[in-house]
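>>> One predicted model, sequence on top.
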Amino acid sequence: MTAPDALRERARAHLTARQDEVLGLSHALHADPELAYEEHRSARRIAELLERGGFAVTREAYGLPTALDATAGSGELVVGICAEYDALPGIGHACGHNVNGAASVAAALALAPLADELGITVKLLGTPAEESGGGKVDMLRAGAFDDVAAAMMVHAAPSDSVGMSSLAISSWKVGYTGRAAHAAAMPERGVNAADAMMIAQVAIAAYRQQMRPGAVVSGVVTGGGEAANVIPARTSAEYDCRAVTAGELAELQTRVRACFEAGALATGAELALESVGNDYADLRQDFEIGRHYLAAARDLGRRVQDCDPTLRGGSTDMGNVSHVVPTIHPMIGYDCGAAIMHNPEFTRYGIGAGADRAVLDGGLAMAWTTIALATDPRHRERLLARLSARGRTTSPTSPPSRPSPPA
């Protein structure tokens, strides 16, 4: 096999030859943001670019209209590169998913001409609905990662880092149905749905003292009555539960659900609790793959923080993948002034010179990481052994399950 340094330079040359197309993709995604499970134009743009790059592309993959599966090469070591491309309501790519998706495409295009020489299969997975719903969880259940020995992606951020974890999360829609009545003439005839929500919120607030460290419960009331002189018949809210691990999330869900049930019990209102999308597991990054990415990114001149794994960011459906497949999810930074993520100010920096460099550097760092894994017999054997053991396991680690609605 050709020396790794020569392979790295060839990967760089392959990416340089297509960098205008890759940056054009990033800018096109940014200019045309689409929401979770609705990313039809985004998925089409990525599919068309990969087809021009020689990939065999399956659109509407794994039962999802905006997912895709694109492969190049036929080696036994399958490397899954996840491309995200959904946006946020009202503020577009304020989480930088145009950068994430384009960087993954950049990595795939850099590796494709080397795949057979490296003995790998490059598998680009277009993964919709990271911001809401969890497309990777859907795809994991549908078998998209069954043959994947290592998974990776980079995520846009204000600065570079490797190795941090994330919180497990579940999202709920909560509603109470009571009975309307005149608030002065016949309040005893009413069932106050707003009181039910208030009691649940007080119960959650009281429970916070006993929550495990790192647990977070946050929510917003989306409906709570129409007039002061009418007992509210309906209230609604949206709530997130986050915890350090998937197991602790299940415990938190049970206790928080009991708080909502308390509101119903105290007032006589009827509770409806509905899970929104999939639950996300905590992110478990593979440190050996992460060390290769860290070295590659630094070789490209990037200043990368090597994080303590106990440092946790938000939440990602890449966490569910990481419970099954050795995974990395480093952050790729660019100048964004004082803007913070999930803020419209951050959106504006997503097509600047720094973001464009992040696309190319993130893609090349992932390509170089893959070359290191493929050319080092120890790493290659470790990943293939993990894959083989996974195939022999009848019940691999599962993502956290959704709670059942109350009867």
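Happy to help now that I have it.
>>> Now for the nearest residue to Cys82 once chain neighbours are set aside: which residues touch it?
What sits nearest to Cys82 in space, not counting adjacent residues and going by Cβ to Cβ, 6 or more residues apart in numbering, is Met153, at 4.2 Å. Glycine gets a C-beta too; all of them are placed from N, C-alpha and C. With contact set as Cβ atoms under 8 Å, 6 or more residues apart in numbering, Met153 has these partners: Ile81, Cys82, Ala83, Glu84, Asn100, Ala103, Ser104, Met318, Ile328, His329, Met366.
>>> Gly224: which of these is nearest?
Glu84 (34.6 Å; Cβ to Cβ).
>>> Need the three-state assignment for Ser170.
Put simply, Ser170 is strand when judged by DSSP: H, G, I helix; E, B strand; the rest coil.
>>> these two touch, right, it and Leu273?
No. In terms of Cβ atoms under 8 Å, Ser170 does not count as a neighbour of Leu273; the distance is 10.9 Å.
>>> With neighbour numbers in mind, choose between the two.
Under the criterion of other Cβ atoms under 10 Å, the comparison of Ser170 against Leu273 puts Ser170 first, with 26 against 20.
>>> does Leu125 sit in a helix, a strand or a coil?
In three-state terms, and counting by three-state DSSP, Leu125 is strand.
>>> pretty sure it is touching Ala144, no?
Yes. In this structure, Leu125 sits in contact with Ala144. The criterion is Cβ under 8 Å, and the distance is 5.7 Å.
>>> Just give me the residues shared between the contact sets of the two.
With contacts taken as Cβ under 8 Å, 6+ apart, the residues that reach both Leu125 and Ala144 are Ala61, Ala67, Asp69, Gly80.
>>> Please indicate which of those are buried?
For the shared contacts of Leu125 and Ala144, a neighbour count by 16 or more other Cβ atoms under 10 Å gives the buried set as Ala61, Ala67, Asp69, Gly80.
>>> now what about the helix or strand of the chain with the lowest mean pLDDT, what contacts it?
Each helix and strand of the chain was given a mean pLDDT (mean pLDDT, DSSP states H and E); the minimum falls on strand 304-306 at a mean of 92. The list of residues contacting strand 304-306 from outside it, by Cβ under 8 Å, 6+ apart, reads Ser159, Asp160, Ser161, Val162, Gly163, Leu294, Ala297, Arg298, Pro330.
>>> and if we set it to 6 Å?
If you take Cβ atoms under 6 Å, 6 or more residues apart in numbering as the criterion, strand 304-306 is touched by Asp160, Ser161, Val162, Leu294, Ala297, Arg298.
>>> how about the helix or strand where Ile289 lies: buried residues?
Using DSSP states H and E, the element containing Ile289 is helix 287-299. Neighbour counts using 16+ other Cβ under 10 Å place Glu288, Ile289, Gly290, Arg291, His292, Tyr293, Leu294, Ala295, Ala296, Ala297 of helix 287-299 among the buried residues.
>>> Would you report the backbone torsion angles of the residue nearest to Cys82?
Listed backbone geometry of Met153 is phi -170, psi 170, with angles given as degrees, to the nearest 10.
>>> before we move on, what about Gly219?
For Gly219, the backbone dihedrals (degrees, to the nearest 10) come out as phi -160, psi 170.
>>> Quick check, it in contact with Ala237.
Yes. In this structure Gly219 lies within contact range of Ala237 using Cβ atoms under 6 Å: 5.4 Å.
>>> Need the residues touching each of these two.
With Cβ under 6 Å, 6+ apart as the test, Gly219 and Ala237 reach no residue in common.
>>> Leu383 versus the closest residue to Tyr239 other than its chain neighbours, what's the distance?
Using Cβ to Cβ, 6+ apart and skipping residues adjacent in sequence, the residue nearest Tyr239 is Gly219, 3.6 Å away. Going from Gly219 to Leu383 by Cβ to Cβ, to the nearest Å gives 41 Å.
>>> can you check Asp32 too?
The span separating Asp32 from Leu383 equals 36 Å under the rule Cβ to Cβ.
>>> Next: Ala269.
From Ala269 over to Leu383 the distance is 53 Å, taken as Cβ to Cβ.
>>> what number of residues lie near the residue nearest to Tyr239?
Every residue meeting other Cβ under 10 Å relative to Gly219 is counted, giving 18.
>>> Next: the one 5 residues further on.
Under the neighbour criterion other Cβ under 10 Å, Gly224 is assigned a count of 15.
>>> close enough to count as contact, it and Thr235?
Yes. Assessed by Cβ under 6 Å, Gly224 is found in contact with Thr235 at 4.8 Å.
>>> Mind listing the shared neighbours of those two?
Here Gly224 and Thr235 have Ala194 as joint contacts, going by Cβ under 6 Å, 6+ apart.
>>> what's stretch 35-47 in contact with?
Taking Cβ under 6 Å, 6+ apart as the criterion, the residues outside stretch 35-47 that touch it are 25, 28-29, 32, 34, 57, 59, 66, 68, 85-86, 105, 126, 128-129, 131-133.
>>> ugh, wrong one, stretch 123-136
Under the criterion Cβ under 6 Å, 6+ apart, residues 36-37, 39, 43, 46, 66-68, 70-71, 78, 80-84, 86, 88, 108, 144, 277-278, 280, 317, 321 lie in contact with stretch 123-136.
>>> In helices, which of the residues you listed fall?
Per DSSP state H, helices hold the following members of the contacts of stretch 123-136: Ala43, Ile46, Ala108, Val321.
>>> Looking at these, spot the one nearest Glu9.
Ala108 (18.0 Å).
>>> I'd like the distance from that closest one to Gly314, if you could.
Using Cβ to Cβ, we find Ala108 at a distance of 26 Å from Gly314.
>>> Those two: who's more crowded?
For Ala108 against Gly314, the residue with the higher neighbour count under other Cβ under 10 Å is Ala108, and the figures read 31 against 14.
>>> Could you give the bridge partners of the closest residue to the more buried one other than its chain neighbours?
Excluding its sequence neighbours, the residue lying closest to Ala108 (Cβ to Cβ, 6+ apart) is Leu124, at 4.3 Å. Under DSSP bridges, the beta-bridge partners of Leu124 are Ala70, Ile81.
>>> how close does Leu124 sit to Leu252?
From Leu124 across to Leu252, the span is 35 Å (Cβ to Cβ).
>>> neighbour-wise, which of these two wins?
Neighbour count, other Cβ under 10 Å: between Leu124 and Leu252, Leu124 has more, with 29 against 22.
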